[in-house]
Each structure stands twice: as structure tokens, then as C-alpha cells.
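Visitor: Only the shape, not the letters, is given here:
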């Protein structure tokens, strides 16, 4: 909006399921089609409540599977073809009991799209646990799918990151299209020295490892690690961002922008830092050393460098951060803190401080200046 225009936000709905007063809500996630919102709760009434976003009514309540608090949930963007029905939903949940459950929705003799068109998605289908993934020694802190739903990552208090491959049943007529979703552990990554708090997949851009995607993990040890696949499909730590001069305490949350060339980290030191990826060519053109000096990390793959911090408005630890998709406005970032506040930032042109310049999402851009734009409270 123009500088003279003021905007405000208000709650469109307050979701208060039964027993809400005695069970904390730990995590929430939208389905990839935006039609459902899932919220997971802790003890003593551990459960997952799924709402239909068309009217914010409770669609399904999922109970069982976990013995302790459900800490994290995430909808898969993939489609399961079990029982020859398209558009089945998959939901992963990670718990303090050390397990990850995979929940799958089975429409009754129809497709999910037909159910939605016939009654807002609230006909007689059922959710079932089709897989339970074990391996973590104790509390699972985060579960996260990649963009295709082919990989699921989990991390926890045992200082490890697990990567699981999701194998969906075939829908071809040759095999009947039946079967269950299967998971295979393809990596156990154990280089962190503290609890692993958060995870996020993003594009490799062809510069990190042999795969199309890389995985970031943030830890209580105050580091961010970048994991990549080699030619044999083995995951390895490609580089470590050790922001000792950037963050002075635990990194609680990380998120990448849609194009995957920026990373935002949120810390218990009340700040959020912005990191940018520079290709080897960009490093050479700007005379930046492609080495690890604590504030940046790279090698022959390019360079991840901290280009600054968001304006500090939080008074207590920042526990969550996310980057808006393109349709919500380039350069917008949201953060939530222990001070009961949510901050929304936007990126603007540095020379005027008003017009939005957009997030420089072109990884092949020759421009490496971090002074062209700045972030302000939206």
C-alpha cells in the first residue's frame, strides 16, 4: 500500500476444540490445496484436529498412534493412490514418544474431490495410520516433507536427523493400484552436538551435491547444517553455517524463500538473520572469498552468507519463522516469539523505504549487493 495507507489484521476465526483449555497446541499445518488445517495437541489430550477451511468446522479428530505430546505435523504435497482413489491426503506427525506416524485419509468409495463437492469434505471417509517410523531415541521435534512428497525428514532431541523415502503404491491397472504407502530410511545424520530443532528442504540449484534438493537443519548447538546427496544417493554434511557472531543463542527455527536462495534463521537471542546464496560466479565477480569464516559457508559449491538481520522487535526468544509464498507478496517474512507477538516484515527498496522491490530470487543474477533492499515491519 502507499506510505499514507495504514492496514490492520483481525482474526477471522478462533478455533477452540473440546478440552482446549488443558492441552497446548504445538504445531499447525495447511494441506497443499489449502482446504484443510491440522493442529496437533500435547498431553493430557494428545490428538490432531483437522478443520475444513471453507467454514472452519472440525472435519476429523485423530487420536491414538502416539503415547505422548505430538510436537510437529506436516501434510504431504504428494498424492497417494491406495485403493484406486485419487487425492488421498497424507499427514506426518512427530511425537515426544520418539515416533513418527503417517496418517492417510481413505474416502468411502469415491475420491476426495467428489466428497468435497458433495459436502465440504465431511462425508464418511476415515483416517488410518498406515506407517509408524521408529529410530529416534527420544523426542521428535520436527517432521518436514520435501516439495514433491518423495522424502520426509525428522529430527529430535537425540541430536540426529533422519531422512525417509516415501514409496507410494502404483495406480496402474497392471498391479491393481492397491497396497500401502511404504517408507525406507535412507540416511541417519548425526553431526549436530545438540538437539535438532528445525528442518527445511530447498533447491540445490545444481551447486550442492548431485541431487535436486538440499536439507537444512538448525540445532541447540547454535549451528545450521546443509545436507546434500552425493552421486551414490548418500547424504552428507556439505557445509556448516556457524553464526557465532550472528546469533548468540539457540537457533529455534529456519525457513527458505520460495526460490531457495535465501534462508532466514530465528534465535533465542530475539533476532532473525537473513542468509543469501551466492553462486561461484557471483563470488568471483564481487571478489568475495568462497570460504567459511563463521558468517558464511561454502567451498567450490558457492557461498551462503549472512547479509543482515531483520529489525529487532521481539523482546523474547523467536521460536518460529516462515517466508511467504510468491502469491502472498515477495520478500514477506513472519516471525513468532515468546513475547506473545507476531511480526510481519516486507522487503523494500533501500533508497526510498516504501515501494516493495521484491525478493531477488534469481540465483543466476550477477548482482551480489546486500544494500539494494532492506526489511521493514509491514
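Guide: Here it is on my side, so go on. Keep in mind that what you see is a predicted model, and the values were worked out from it rather than measured.
Visitor: Please name the spatially closest residue to residue 155 (chain neighbours excluded).
Guide: Sequence neighbours aside, residue 196 is the residue nearest to residue 155 in space, at 3.6 Å (criterion: CB to CB, 6 or more residues apart in numbering). In this view, the C-beta of every residue, glycine as well, is placed from N, C-alpha and C.
Visitor: Beta-bridge partners for that neighbour, please?
Guide: On the basis of DSSP bridges, residue 196 takes part in beta bridges with residue 219.
Visitor: Was I right to think it contacts residue 143?
Guide: No - Residue 196 lies out of contact with residue 143 (CB atoms under 8 Å); the separation is 11.8 Å.
Visitor: if we can go back for a sec, relative to residue 254, how far out is the residue nearest to residue 155?
Guide: Per CB to CB, to the nearest Å, residue 196 is found 11 Å from residue 254.
Visitor: Ok, residue 335 next?
Guide: Residue 335 sits 12 Å away from residue 254, going by CB to CB.
Visitor: Common neighbours of the two, please.
Guide: Applying CB atoms under 8 Å, 6 or more residues apart in numbering, one finds that residue 335 and residue 254 are jointly contacted by 266, 321.
Visitor: sorry, back to before: what residues are up against the residue nearest to residue 155?
Guide: Per CB under 8 Å, 6+ apart, neighbours of residue 196: 141, 142, 155, 156, 159, 160, 161, 217, 218, 219, 220.
Visitor: Which residue comes closest to the last one once chain neighbours are left out?
Guide: If I follow you right, that is residue 220. Using CB to CB, 6+ apart and skipping residues adjacent in sequence, the residue nearest residue 220 is residue 194, 3.3 Å away.
Visitor: hang on, the one you found in a strand?
Guide: No - when classified by DSSP: H, G, I helix; E, B strand; the rest coil, residue 194 is found to be coil rather than part of a strand.
Visitor: so what pLDDT did residue 155 get?
Guide: For residue 155, the pLDDT comes out at 96.
Visitor: er, residue 376 I mean
Guide: At residue 376, pLDDT is 83.
Visitor: Also residue 97?
Guide: In the prediction, the pLDDT value recorded for residue 97 is 95.
Visitor: That one and residue 185, how far apart?
Guide: Noted for residue 97: a distance of 18 Å to residue 185, by CB to CB.
Visitor: more neighbours, those two?
Guide: Neighbours were counted for residue 97 and for residue 185 using other CB atoms under 10 Å; residue 97 has more, 20 against 13.
Visitor: Now for that one: which residues touch it?
Guide: By CB under 8 Å, 6+ apart, the contact set of residue 97 is 66, 67, 68.
Visitor: wait, which of the residues you listed is closest to residue 127?
Guide: The shortest gap between residue 127 and any of the contacts of residue 97 belongs to residue 66, at 13.7 Å (CB to CB).
Visitor: Need the residues touching each of residue 196 and residue 254.
Guide: With CB under 8 Å, 6+ apart as the test, residue 196 and residue 254 both reach 217, 218.
Visitor: Could you pull up the contacting residues of residue 149?
Guide: Counted by CB under 8 Å, 6+ apart, residue 149 has contacts 76, 77, 78, 79, 90, 166, 168.
Visitor: from the residues you listed, which has minimum pLDDT?
Guide: Within these, residue 79 has the lowest pLDDT, namely 58.
Visitor: what sits up against whichever strand or helix holds residue 94?
Guide: Using DSSP states H and E, residue 94 sits within strand 90-95. With CB under 8 Å, 6+ apart as the test, strand 90-95 has contacts from 29, 38, 40, 46, 48, 50, 62, 65-76, 78, 80, 100-105, 127, 139-143, 145, 149, 152, 154, 156, 166, 181.
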